[in-house]
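Asks: one predicted model, sequence on top.
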Amino acid sequence: MSSPLPMPAPPTNLAEASASLQALWDYTQPALDHMLRSPTNDPTEVPAIDASYYIWISTALYNYWTCSRRPASSSYETVPSVAQELLLGAPQDAHALIRYILPTYTRYATGTAVLHRMLNYTNRFYVKAELDNGYGWLGWREIPSQDQNKAGTKWREVVKANFAELRTTELKKWGWEEGDPEEVLAQAEACAEAASELDRTVPLASLAHRRFRTEVLEPLLKVSGAGAGTKQSQEPEGRLGDAVAELLESTTSDGLEERAQLAQDMARMLRMCGIQPDHPVRKRLDRDGYTGAVAHHAPTAT
């Protein structure tokens with residue numbers, strides 16, 4: 001069966017498409033909806049848009065950001081989220097939930113990775129400025145306050161050293177150790193970004209993972225209907241926690257390899273979306289050897 005044709009670019013004038021936020025959004029939204037919502041048989045493949053449409057969106061974004069007097073955060077805040085729609089489709093059955101959530105996440109993450117690249121001028125012009133000003137996943141307000149007079153001329157150096165130490169501590173929580181490859185560092189930082197508070201500015205790919213955490217995973221990890229007189233376990237883990245427990249506690253030998261792969265994929269999803277390492281479900285997966293961390297490859301001889 002032949003692949004569907006890429007979505008063509010809608011007729012428009014490039015100057016008009018970048019004249020205002022609404023015009024930019026009207027021009028871009030059909031492509032975003034197509035890539036994130038159109039049906040596909042392979043969750044690792046993103047429904048395509050025409051190359052000219054991709055280029056025009058990137059150019060319109062560049063024109064928008066380089067024109068003066070643009071509202072800074074507006075186009076960042078309007079990046080679409082389909083996560084809540086994905087939650088509505090989650091089945092109640094534990095067995096079915098695992099097999100729904102993992103390919104759903106794969107499709108979502110693959111699509112938003114493409115959007116991250118296509119909308120990169122938003123990262124370059126807005127996100128980078130916010131990070132430079134201390135509004136990223138780890139900001140200046142996390143650093144213990146220093147008495148500038150007491151520190152004297154070395155006050156800035158003390159602040160920078162404290163920031164570097166705090167950043168190292170946080171990244172180690174997400175699987176990075178000093179001396180690890182850049183790939184491991186980048187993934188640990190992406191996890192930390194996805195775990196950040198909603199008022200923090202992070203790159204678009206991490207923003208998408210953070211939304212998946214807050215709008216899909218956290219509701220599935222929350223015990224519904226728990227109130228007075230309701231008997232709860234010591235570590236309530238919600239529907240998704242129950243599904244993971246069923247997966248790990250199965251005693252049948254049938255499908256052992258598949259279950260191991262599902263458990264590893266689950267651990268990776270939770271980690272990449274910023275579910276904290278001390279969460280009961282992550283701890284349970286970790287105890288069974290499923291960390292979701294990127295593999296450390298030994299250097300190869302050349």
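Replies: Noted; the coordinates are in hand.
Asks: contacting residues for residue 189?
Replies: By CB atoms under 8 Å, 6 or more residues apart in numbering, the contact list for residue 189 reads 137, 171, 174, 176. Backbone N, C-alpha and C define where each C-beta goes, glycine included.
Asks: using the three-state scheme, assign it.
Replies: helix (DSSP: H, G, I helix; E, B strand; the rest coil).
Asks: Serialize the contacts of residue 189 to a markdown table and add fields for neighbour count.
Replies: Formatted as a markdown table, the contacts of residue 189 follow (neighbours: other CB atoms under 10 Å):
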| residue | neighbour count |
| --- | --- |
| 137 | 24 |
| 171 | 21 |
| 174 | 23 |
| 176 | 22 |
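Asks: now pLDDT and secondary structure too, for those residues, in a markdown table please.
Replies: Listed next are the contacts of residue 189 as a markdown table, based on pLDDT from 0 to 100; DSSP: H, G, I helix; E, B strand; the rest coil:
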| residue | pLDDT | secondary structure |
| --- | --- | --- |
| 137 | 95 | coil |
| 171 | 96 | helix |
| 174 | 96 | coil |
| 176 | 95 | coil |
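Asks: report the rounded mean pLDDT for the helix ranked longest in the chain.
Replies: For the chain, the helix with the greatest residue count under DSSP state H is helix 94-118. Here helix 94-118 scores 94 as its mean pLDDT.
Asks: next SSE after it?
Replies: Beyond helix 94-118 on the C-terminal side, the first helix or strand identified by DSSP states H and E is helix 120-122.
Asks: now for that following helix, which elements pack on it?
Replies: Applying 3 or more CB pairs under 8 Å, 6 or more residues apart in numbering; DSSP states H and E, one finds that helix 120-122 contacts helix 51-66.
Asks: what does the helix it packs on rub up against?
Replies: For helix 51-66, the external contacting residues (CB under 8 Å, 6+ apart) are 6-10, 12, 14-15, 17-18, 21, 24, 27-28, 31, 70, 75, 118-122, 124-126.
Asks: in helices, which of the residues you listed appear?
Replies: Judged by DSSP H, the subset of those located in helices is 14-15, 17, 21, 24, 27-28, 31, 75, 118, 120-122.
Asks: those: which two are farthest apart?
Replies: Using CB to CB, the pair of the ones in helices among the contacts of helix 51-66 lying farthest apart is 15 and 120, separated by 21.0 Å.
Asks: which parts of stretch 60-67 are buried?
Replies: Burial within stretch 60-67, assessed by neighbour count using 16 or more other CB atoms under 10 Å, is assigned to 60, 61, 63, 64, 65.
Asks: would you turn the residues you listed into CSV with pLDDT?
Replies: What follows is these, written out as CSV (pLDDT from 0 to 100):
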residue, pLDDT
60, 92
61, 90
63, 91
64, 88
65, 86
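Asks: closest one of those to residue 212?
Replies: The nearest member of these to residue 212, counting by CB to CB, is residue 61 at 23.2 Å.
Asks: and the closest one, how far is that from residue 143?
Replies: Distance, residue 61 to residue 143, by CB to CB, to the nearest Å: 33 Å.
Asks: over to residue 135?
Replies: Separation of residue 135 from residue 143 (CB to CB) stands at 14 Å.
Asks: same thing with residue 87?
Replies: Using CB to CB, residue 87 is found at 36 Å from residue 143.
Asks: now do residue 246
Replies: On the measure of CB to CB, residue 246 and residue 143 end up 43 Å apart.
Asks: same deal with residue 26?
Replies: As judged by CB to CB, residue 26 and residue 143 stand 42 Å apart.
Asks: neighbour count winner among those two?
Replies: residue 143 (18 against 14; other CB atoms under 10 Å).
Asks: surely residue 97 is in contact with residue 241?
Replies: No: using CB atoms under 8 Å, residue 97 makes no contact with residue 241, being 10.5 Å away.
Asks: next, count neighbours for residue 167.
Replies: For residue 167, the count of nearby residues is 16 (other CB under 10 Å).
Asks: neighbours of the closest residue in space to it that isn't next to it in sequence, just the number please.
Replies: Distances taken as CB to CB, 6 or more residues apart in numbering put residue 138 closest to residue 167, at 5.7 Å, once the chain neighbours are dropped. Neighbourhood size, residue 138 [other CB under 10 Å]: 20.
Asks: distance check, residue 138 against residue 282.
Replies: Distance from residue 138 to residue 282, by CB to CB: 21 Å.
Asks: residues in contact with the closest residue to residue 82 other than its chain neighbours?
Replies: Leaving out its chain neighbours, the residue that sits closest to residue 82 by CB to CB, 6+ apart is residue 36, at 5.0 Å. Taking CB under 8 Å, 6+ apart as the criterion, residue 36 is in contact with 80, 82, 108, 111, 112, 115.
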